[in-house]
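J.: Fold the stuff below for me.
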Amino acid sequence: MAASPVLDSYALLTFLRGEAGEAQVAALLEKASVRDLPLQMTEVNYAEVKYIVVRKDGAERWQEIARELPALPIEFHPADRRLSELAGDFKARFKMSLADAFAAALARSRKAELVTADREFKSVEGEIKILWLK
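T.: As a prediction, the model looks like this:
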């Protein structure tokens, strides 16, 4: 069985903010729910989603999202030592944010596809599988 896809911050924000690619993320969430096989995301990316929503949409909107997130089929992973080692390696070798390095590290460690539309991940296409949102 293929590993459950990994969402980066961009993918979850796309879904939460109704941006281009929302339907693709919604379809992945639906499939994850039906199969009882949650999508994957790091707690670091969760933090990135929070600060972006608070900055762009306000703290009240974040409170609404925070209440809704537990109902979504997403498993959040802590930044443990093993994941941090992989993320540090990605950050050292490629020009990318630390949060993106954690998303790439989770995809690598799970042998999973990373879901994103963030062009920053173009540099790691040879390292991990990427599902590009359109």
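
J.: Are we agreed that Ile65 is in a helix?
T.: Yes - judged by DSSP: H, G, I helix; E, B strand; the rest coil, Ile65 forms part of a helix.

J.: Thr42 is in contact with Phe76, correct?
T.: Yes - contact criterion CB atoms under 8 Å: Phe76 and Thr42 qualify, at 7.0 Å. C-betas here are computed from N, CA, C, even on glycine.

J.: higher neighbour count, these two?
T.: Per other CB atoms under 10 Å, whichever of Phe76 and Thr42 has more neighbours is Thr42, with 27 against 14.

J.: show me the contacts for that one.
T.: Thr42 sits next to 76-79, 83, 99, 102-103, 105-106 when contact means CB atoms under 8 Å, 6 or more residues apart in numbering.

J.: Now with 10 Å, please.
T.: 6-9, 48, 76-80, 83, 87, 99, 101-107 (CB atoms under 10 Å, 6 or more residues apart in numbering).

J.: What of Pro5?
T.: Pro5 neighbours (CB under 10 Å, 6+ apart): 11, 25, 28, 31-32, 37-41, 107, 110, 112-115, 129, 131.

J.: Among those, which lie within helices?
T.: 11, 25, 28, 31-32, 107, 110 (DSSP state H).

J.: possible to save those residues as CSV with pLDDT?
T.: Shown next, in CSV, are the ones in helices among the contacts of Pro5 (pLDDT from 0 to 100):
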residue, pLDDT
Ala11, 98
Val25, 98
Leu28, 97
Lys31, 96
Ala32, 96
Ala107, 98
Arg110, 96
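
J.: Quick check on those: which are buried?
T.: Neighbour counting by 16 or more other CB atoms under 10 Å classes 11, 25, 28, 32, 107, 110 among these as buried.

J.: how close does the closest residue to the last one other than its chain neighbours sit to Pro73?
T.: Distances taken as CB to CB, 6 or more residues apart in numbering put Ala3 closest to Arg110, at 4.7 Å, once the chain neighbours are dropped. Separation of Ala3 from Pro73 (CB to CB, to the nearest Å) stands at 14 Å.
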